[in-house]
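K.L.:
sequence and predicted model, in that order:
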Amino acid sequence: MKLYVTIFLYLLCTSISLSQSNDWIVSLNEKIHADHSNKNGEAPQIKVLSEAMHIYQFKYESKISFEKLKSDIPKTNNIRHISENAEVELRMTPNDSLYSQQYHLDLIKAQRVWAETIGNITYGTDYVIALLDDGYEITHEDINENLWSNASETPLDLRDNDNNGFIDDHMGINVEDLSGNHAVDTHGTLVAGIIGGRGNNEIGVTGVLWDTDILLISGVSNVAEIIAGLDYAYNLKKQYIDSDGTLGANIIVSNFSGGLTSSFPEDFPDWCAMYDLLGSVGILSIGAVTNNDLDVETVGDLPTLCTSEYLIAVTNSNENDEKVLDAGYGITSVDIAAPGEDIITTANGNRYGTISGTSASCPQVAAGIALLYSIDCNVVQDMARDNPSTMALAMKSAILSGADNIPSLSETVSKGRLNLYNSLLELATLCNDVSISELQVFDLVPNPISNAELQSNVLRYATDSFEPHTFIITDAVGKLIYAEEFSPSLFSDKSLSLSNIPDLKWGIYSFSIKNENTIASKAVMVLR
């Protein structure tokens, strides 16, 4: 076995050393401090991809070999990794048919979570999703109100107002040309609508988040641009932390719906290293698994096989809750599925269209995480502020633990499909102010009670179920007088307003609350 490993490593190193390219990714153990030119005197264009990680892109006009590049870098710079840059594929299967409903929101139980929160506006939070893609239609009617803007940057003044190293990044950055101008491309617009199509505005679609801040990072088409985009998100979050929230952006999740099939972490170690860097400031990263029916652990796939605990790799399921045939799997590296077939969303030209593939699955997990961050739970909010990396891992655990078990997804870590409501219940166990106990109804005060007092009162209760409940009033002989269905809130006070009940005659009544498991009652005497 040792001999086989040695031969494999020899062949791997030999294949790299024989490579020729004009576009290389180089990571060093320290900042570049020397002039670089090859033996023909051609100086490369050197672009900083990540200052924190000392990762650089070397671009030459003509191809040079790995060995020549290596000899161009002084040994004092301590080379960590060298890899060829590579184009990535956006993980979407085009589909030009439209559906009349967003079935995926039912499957992932988004509506149940909306009873608690619809995003940032619910409790005044400022959580941000960093979205890496090719480009976006930023004027689209259903996403433009949900785009993050940099309040510290004056648009179009050609200055770096907030001293973050980028000029005019008022609405994010185009990493291809380092401008604040985003190309109008199809894929990014489709993904953005799944995350944050404005909810309850009587037009278009509803995103997983009704109200959010999407940080746009465009121009992402190769590994170097992925690294640069992730580094931009890292620096904005670090700036936010270092300035106590006065600068930067409170990013808690990043999404990139693209990748490289038949690639392994050792091919692009610096790409994988970025996920731990983002995790150190509390950013979970969501990656799309290949749109091929492959065991990624055998054939390779990035970023799926990156081993960072701050990465969630997402595969694709369909309306029938089955793994899509053309979707990757891996028992230790593919974390979870989300529905990704024929998802209706925003499209260019202020229109709407459908997208299929893990490109559609991936943003549902990213948006779901941001939705759960906005719940009314002091422990979650405090951890996100004071210990963001720990909160990120707690959130990942809740996402994976909450998955609905699906037989065709057995070869994934969670063995299931995203269920945001189950994940909400998982998070609720962290919250000290959440009361969960068996169903019971508490005494009304006063009792006996008049109709006037009754209709200005509330009925207090406790429950361990958050499925729909029914409030029932029956008279002394069991005749139904009043019934009302309601859904308990996890985080608010467990009380039910009695303002809608009709005037009751003098007598004794039973006030009951019934859920799917049991019923609890209290006797109430009503005085005229």
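P.N.:
Received it, and whenever you're ready, just let me know what you need.
K.L.:
domain ranges for this protein?
P.N.:
According to automatic domain parsing, the chain comprises the domains 18-84, 89-428, 440-527.
K.L.:
tabulate those (JSON lines), appending mean neighbour count.
P.N.:
To be clear about C-beta, it is placed using only N, CA and C from the backbone, and glycine gets the same treatment. Formatted as JSON lines, the domains of the chain follow (neighbours: other CB atoms under 10 Å):
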{"stretch": "domain 18-84", "mean neighbour count": "16"}
{"stretch": "domain 89-428", "mean neighbour count": "21"}
{"stretch": "domain 440-527", "mean neighbour count": "15"}
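K.L.:
comparing those, which yields the minimum mean pLDDT?
P.N.:
Mean pLDDT is lowest for domain 18-84 among the domains of the chain, at a mean of 81.
K.L.:
give me the beta-bridge partners of G259?
P.N.:
E89 (DSSP bridges).
K.L.:
wait, doesn't it sit right on C306?
P.N.:
No: contact status for G259 versus C306: not in contact, 10.0 Å apart, counting by CB atoms under 8 Å.
K.L.:
anything in contact with each of those two?
P.N.:
G287 (CB atoms under 8 Å, 6 or more residues apart in numbering).
K.L.:
any idea which helix is longest in this structure?
P.N.:
helix 223-242 (DSSP state H).
K.L.:
quick one: list the elements packing against that one.
P.N.:
strand 20-28, strand 45-50, strand 55-65, strand 128-132, strand 213-218, strand 251-256, helix 269-279 (3 or more CB pairs under 8 Å, 6 or more residues apart in numbering; DSSP states H and E).
K.L.:
select, out of these, the one closest to V477.
P.N.:
Evaluated over the helices and strands packed on helix 223-242, closeness to V477 peaks at strand 251-256, with 56.1 Å, by CB to CB.
K.L.:
contacts for that closest one, please.
P.N.:
Counting by CB under 8 Å, 6+ apart, residues outside strand 251-256 touching it are 127-133, 191, 195, 215, 220, 226, 229-230, 233, 236-237, 240, 278, 282-288, 303, 362-363, 366, 369-370, 373, 384, 388, 392, 395.
K.L.:
what are the pairing partners of it, and which direction each?
P.N.:
strand 128-132 (parallel), strand 284-288 (parallel).
K.L.:
relative to the whole chain's centre, how far out is that strand?
P.N.:
Relative to its parent chain, strand 251-256 has a centroid offset of 6 Å by CA atoms, centre = their mean, to the nearest Å.
K.L.:
with adjacent residues omitted, what lies nearest to N22?
P.N.:
Y60 (4.4 Å; CB to CB, 6 or more residues apart in numbering).
K.L.:
correction: the previous question concerned I283.
P.N.:
In space, I283 is closest to I251, 5.4 Å off (CB to CB, 6+ apart).
K.L.:
center of this protein, which residue is that?
P.N.:
Nearest to the mean C-alpha position of the chain, by CA atoms, centre = their mean, lies A366 at 1.2 Å.
K.L.:
ok, it touching I195?
P.N.:
Yes: contact status for A366 versus I195: in contact at 6.4 Å, counting by CB under 8 Å.
K.L.:
identify the contacts common to the two.
P.N.:
Common neighbours of A366 and I195 (CB under 8 Å, 6+ apart) are I129, L131, N255.
K.L.:
roughly how far does the first one sit from V253?
P.N.:
In this case it means I129. 5 Å (CB to CB, to the nearest Å).
K.L.:
got any residues that touch both of the two?
P.N.:
A366, A370.
K.L.:
so where do the helices sit in this structure?
P.N.:
Under DSSP H, the chain gives helices at 2-17, 66-72, 103-107, 110-114, 120-123, 186-196, 223-242, 269-279, 296-299, 358-373, 378-386, 388-401, 420-428, 451-455.
K.L.:
surely H81 touches C272?
P.N.:
No: if you go by CB under 8 Å, H81 and C272 don't touch, sitting 10.2 Å apart.
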